[in-house]
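**Student:** Show me the folded form of this:
(one chain, ligands or ions: 1)
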Amino acid sequence: VLVGADPASQVYVRNKVKAGGEVGFRVDLERMPESASLDDVLALVERLNRSAVHDGILVQSPLPKGLGAGAQQRVFDAISADKDVDGFGAESVGLLVQNRPRLVACTPAGVIELLQREQIPMKGRHAVVIGRSDIVGKPMALLLLHQDATVTICHSRTADLPSICRQADILVAAVGKAGIVTRAFVKPGAAVIDVGMNRVTDRAVASGLFPAGHPKLASFDSKGSVLVGDVHPEVAEVAGALTPVPGGVGPLTITMLMMNTLRAAQARMSGART
Ligand code: NAP
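**Tutor:** Numbering: from 1, shown residues only. A predicted model of the protein is given here:
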């Protein structure tokens, strides 16, 4: 469900529709105008909750500001937990807290999948998550906790962020600030997961991230912007493992959305819950 015409949301939705088609799902894009009321959006969600042909419902965020404060969470909460493929509804989150997850938020679920597939141990390790959003930071911390990591959550009020991050065996950056995680944040050999996606349009910022002659700087000069993560490229010299931006957590997030949709469909077909 896409409400309004936010340019970034249109790109995200297009990519999700495409990915669904590629794996053989039926994908219906329901567009609503910017002027839609909260009742209109809730009525659409209710119709999709009852639909026999839809296994997953995703309402793209952010919703237009005109819907009012708290509207987004009300819409997320209205999605049936069996179809909540983004995992943002209160029931999905509550089940995750209690370690009986049904459908889990895609970005953090993708990070766990990535760590498991790379055989990076989590049990007994110190994981530090920078960011405490409902969408990434909090579910990320819970998932790492359920993998028996010892978890520290950092945020904008954390004192001496670099020294806490330096204790991490696994460091997850979900901040939204280009290159904030520098070498000083990273214990040599640590696994560093860069969730951040930041479009840099200031050349001074770009040249602080990439040395003269770097292809990304050349790309900036031709396009006027460059997409970077929260992790400074210099971290590659100390990290034991590091996810790239773009091409790391981003594509995985969409893949996990497909996984959640498949699980929801299988649960319906087997008559069981996910
Ligand atoms: P968000 O809601 O803005 O949360 C950012 C978090 O970072 C907040 O908890 C904030 O702390 C913390 N923070 C901000 N400045 C900080 C600082 N200087 N030091 C320490 N912590 C700081 O963002 P989000 O939705 O979680 O997204 C985070 C990033 O991930 C963004 O770049 C977003 O684009 C990206 N993202 C990527 C994907 C993907 O598919 N790859 C998916 C979702 C998000 P407070 O709580 O104290 O304000």
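**Student:** Pick out the residue closest to the middle of this protein.
**Tutor:** residue 107 (3.2 Å; C-alpha atoms, centre = their mean).
**Student:** tell me the SS of it?
**Tutor:** Three-state call for residue 107 (DSSP: H, G, I helix; E, B strand; the rest coil): helix.
**Student:** For it, give its distance to residue 172.
**Tutor:** The gap separating residue 107 from residue 172 is 10 Å, by C-beta to C-beta, to the nearest Å. C-beta: built from backbone N, CA, C; applies to glycine.
**Student:** cool, and residue 126?
**Tutor:** Using C-beta to C-beta, residue 126 is found at 12 Å from residue 172.
**Student:** How many residues are close by residue 271?
**Tutor:** Neighbour count for residue 271, taken as other C-beta atoms under 10 Å: 6.
**Student:** contact partners of the lengthiest helix in the chain?
**Tutor:** For the chain, the helix with the greatest residue count under DSSP state H is helix 249-270. If you take C-beta atoms under 8 Å, 6 or more residues apart in numbering as the criterion, helix 249-270 is touched by 15-16, 19-20, 23, 25, 55-56, 58, 82-83, 85-87, 103-104, 106-107, 109-111, 113-114, 193-195, 197, 243, 273-274.
**Student:** got it, and stretch 15-25?
**Tutor:** Taking C-beta under 8 Å, 6+ apart as the rule, stretch 15-25 contacts 26, 27, 29, 58, 254, 255, 257, 258, 261, 262.
**Student:** and the nearest residue to residue 161 once chain neighbours are set aside, how many neighbours?
**Tutor:** Take residue 161 and drop its neighbours on the chain: the residue closest to it by C-beta to C-beta, 6 or more residues apart in numbering is residue 154, 5.7 Å away. Counted with other C-beta under 10 Å, the neighbours of residue 154 add up to 24.
**Student:** cool, residue 151 as well?
**Tutor:** Neighbours around residue 151, by other C-beta under 10 Å: 22.
**Student:** mind listing the strands for the protein?
**Tutor:** 2-3, 31-32, 126-130, 150-154, 170-173, 191-194, 198-200, 226-228, 241-242 (DSSP state E).
**Student:** Need those in JSON lines (columns: distance to residue 77 and mean pLDDT).
**Tutor:** JSON lines is the format used below for these (distance: least, C-beta to C-beta, whole Å; pLDDT from 0 to 100):
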{"stretch": "strand 2-3", "distance to residue 77": "16", "mean pLDDT": "98"}
{"stretch": "strand 31-32", "distance to residue 77": "18", "mean pLDDT": "98"}
{"stretch": "strand 126-130", "distance to residue 77": "24", "mean pLDDT": "99"}
{"stretch": "strand 150-154", "distance to residue 77": "23", "mean pLDDT": "99"}
{"stretch": "strand 170-173", "distance to residue 77": "26", "mean pLDDT": "99"}
{"stretch": "strand 191-194", "distance to residue 77": "28", "mean pLDDT": "98"}
{"stretch": "strand 198-200", "distance to residue 77": "29", "mean pLDDT": "96"}
{"stretch": "strand 226-228", "distance to residue 77": "32", "mean pLDDT": "96"}
{"stretch": "strand 241-242", "distance to residue 77": "36", "mean pLDDT": "98"}
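**Student:** highest average neighbour count across the ones you listed?
**Tutor:** Each of the strands of the chain was assessed for mean neighbour count using mean count of other C-beta atoms under 10 Å. The highest is strand 170-173, with a mean of 29.
**Student:** hang on, the earlier thing: can I get the strands of the chain in CSV with distance to residue 67?
**Tutor:** Output for the strands of the chain, formatted as CSV (distance: least, C-beta to C-beta, whole Å):
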stretch, distance to residue 67
strand 2-3, 8
strand 31-32, 10
strand 126-130, 29
strand 150-154, 29
strand 170-173, 30
strand 191-194, 32
strand 198-200, 25
strand 226-228, 29
strand 241-242, 38
